[in-house]
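# Here's my sequence, what's the structure:
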Amino acid sequence: MIVTPAVTSDGAVTTPGDTPSVKPSDVSARTRPAGRSNGSRKGRPRSDGGTARDGRRRDDGDADAPKLRTVRETSAGGLIVSGIDGPDDARCAALIGRVDRRGRMMWSLPKGHIETGETAEQTAVREVAEETGIEGNVVAPLGKIDYWFVSEGKRIHKTVHHYLMRSTGGELSDADYEVAEVAWVPLTELPHRLTYSDERRLARAATQVIADLADDPELLARSEADSQRTEPNDYEKAAAARNQRRNEPARPVRPRRRRRREAPGTDTAGG
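Below you'll find the predicted structure:
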């Protein structure tokens with residue numbers, strides 16, 4: 001389903017079918033401010049519904065349950081904005097919606113795994129186009145978010161690098177099989193529409209970045225040019241390699257051999 005904004009008689013920008021946003025209390029996630037390098041947010045709700053707040057499956061009394069394999073994943077995504085250099089009340093961002101197992105619509109920023117040969121900026125551009133149908137260019141970094149969740153028997157630590165992007169073309173499309181809805185949402189409505197609090201904080205921080213760039217066209221052009229990297233660095237190469245291995249079966253754990261202890265006073269030299 002594609003949702004587009006409309007302008008009311010008083011000049012406000014609204015979207016048809018707006019529904020109250022999910023309250024933070026409805027989302028079992030512990031969050032932290034975007035951009036901080038230490039600490040992490042655990043327990044973002046996933047579609048498999050198997051996440052505990054501490055990032056592990058809840059204890060159902062099975063003391064012999066196998067230890068979960070820990071996997072690191074790295075993604076990139078963007079806050080893509082139309083009219084970034086236009087009037088404040090005309091700016092909108094493209095969001096994606098997914099339905100969780102409880103039937104709730106979870107609105108978030110488009111994002112996806114870094115693939116081999118890509119920079120994080122290139123991943124953000126590709127994923128935004130695939131999940132929303134909107135093409136754009138990166139104009140500035142917005143920071144990173146990391147969190148833990150459990151899926152398919154794995155304990156996953158995911159890091160997502162977010163970028164501010166300027167829309168350059170395309171049309172809204174929900175053709176991606178992972179996406180239930182896409183919508184242009186006024187920037188002023190993002191704190192109420194985005195489901196996850198870390199992304200709401202990131203969107204609020206982006207408003208100042210947008211204001212600074214919109215006030216200085218030369219700064220906007222220079223920042224956009226500086227963001228067009230084409231060669232991945234060592235971090236991005238390693239991240240892509242980890243992402244490729246994420247679905248490989250875990251290596252079997254070899255039992256550790258115990259060394260036999262000699263009894264006290266035993267002469268091991270044979271006399």
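# so what's residue 239 up against?
Shown in contact with residue 239 (Cβ atoms under 8 Å, 6 or more residues apart in numbering): 74, 114. Every C-beta, even on glycine, is put in place using the N, C-alpha and C of the backbone.
# just checking, residue 93 touches residue 190?
Yes - applying Cβ atoms under 8 Å as the test, residue 93 and residue 190 come out as touching, 6.2 Å apart.
# any residues in contact with both of these two?
With Cβ under 8 Å, 6+ apart, residue 93 and residue 190 have common neighbours residue 203.
# ok, what's across the strand from the closest residue to residue 195 other than its chain neighbours?
Closest residue to residue 195 apart from its sequence neighbours, by Cβ to Cβ, 6 or more residues apart in numbering: residue 106 at 4.5 Å. Beta-bridge partners for residue 106, by DSSP bridges, are residue 98.
# Could you look up the next helix or strand downstream of whatever helix or strand residue 145 lives in?
Using DSSP states H and E, residue 145 sits within strand 134-151. Per DSSP H and E, strand 134-151 leads on to strand 154-170 as the next helix or strand towards the C-terminus.
# Any figure for the gap between residue 170 and residue 209?
22 Å (Cβ to Cβ, to the nearest Å).
# same deal with residue 114?
22 Å.
# Looking at these two, which has the bigger crowd around it?
A count of neighbours by other Cβ atoms under 10 Å puts residue 114 above the other of residue 114 and residue 209, at 30 against 16.
# List the residues that contact that one.
The contact partners of residue 114, by Cβ under 8 Å, 6+ apart, come to 74, 75, 76, 120, 123, 236, 239, 240, 243.
# Quick one: the helices in the stretch 1-150 of the chain, in order.
120-132 (DSSP state H, counting those that start in this stretch).
# got any ranges where it has weak pLDDT?
1-66 (pLDDT under 70).
# quick one, strands of it?
2-3, 6-7, 13-14, 41-42, 69-82, 92-99, 105-108, 111-113, 134-151 (DSSP state E, counting those that start in this stretch).
# Just put the ones you listed in a markdown table and tack on distance to residue 203 and mean neighbour count.
Formatted as a markdown table, those follow (distance: least, Cβ to Cβ, whole Å; neighbours: other Cβ atoms under 10 Å):
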| stretch | distance to residue 203 | mean neighbour count |
| --- | --- | --- |
| strand 2-3 | 17 | 15 |
| strand 6-7 | 21 | 10 |
| strand 13-14 | 16 | 16 |
| strand 41-42 | 16 | 22 |
| strand 69-82 | 6 | 22 |
| strand 92-99 | 7 | 22 |
| strand 105-108 | 11 | 19 |
| strand 111-113 | 14 | 20 |
| strand 134-151 | 9 | 21 |
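# and the longest helix for the chain?
For the chain, the helix with the greatest residue count under DSSP state H is helix 197-215.
# Buried residues, stretch 114-130. List them.
By neighbour count on 16 or more other Cβ atoms under 10 Å, the buried set for stretch 114-130 is 114-115, 118-129.
# same check, this time on stretch 201-216
Across stretch 201-216, burial judged by 16+ other Cβ under 10 Å covers 201, 202, 203, 205, 206, 209, 210, 213, 214.
# Let's see stretch 217-232 as CSV, backbone CA atoms only.
C-alpha atoms of stretch 217-232 as CSV (Å, rounded to 0.1, in the frame of the first residue of the first chain):
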residue,chain,number,x,y,z
PRO,A,217,23.4,25.9,-0.9
GLU,A,218,27.2,25.8,-1.3
LEU,A,219,27.5,23.8,1.9
LEU,A,220,24.8,21.4,0.7
ALA,A,221,26.5,20.9,-2.6
ARG,A,222,29.9,20.4,-1.0
SER,A,223,28.6,17.9,1.6
GLU,A,224,26.8,15.9,-1.1
ALA,A,225,29.9,15.8,-3.2
ASP,A,226,32.0,14.6,-0.2
SER,A,227,29.6,11.8,0.5
GLN,A,228,30.0,10.1,-2.9
ARG,A,229,32.5,7.4,-2.0
THR,A,230,33.0,4.5,-4.4
GLU,A,231,35.7,2.4,-2.7
PRO,A,232,34.9,0.5,0.5
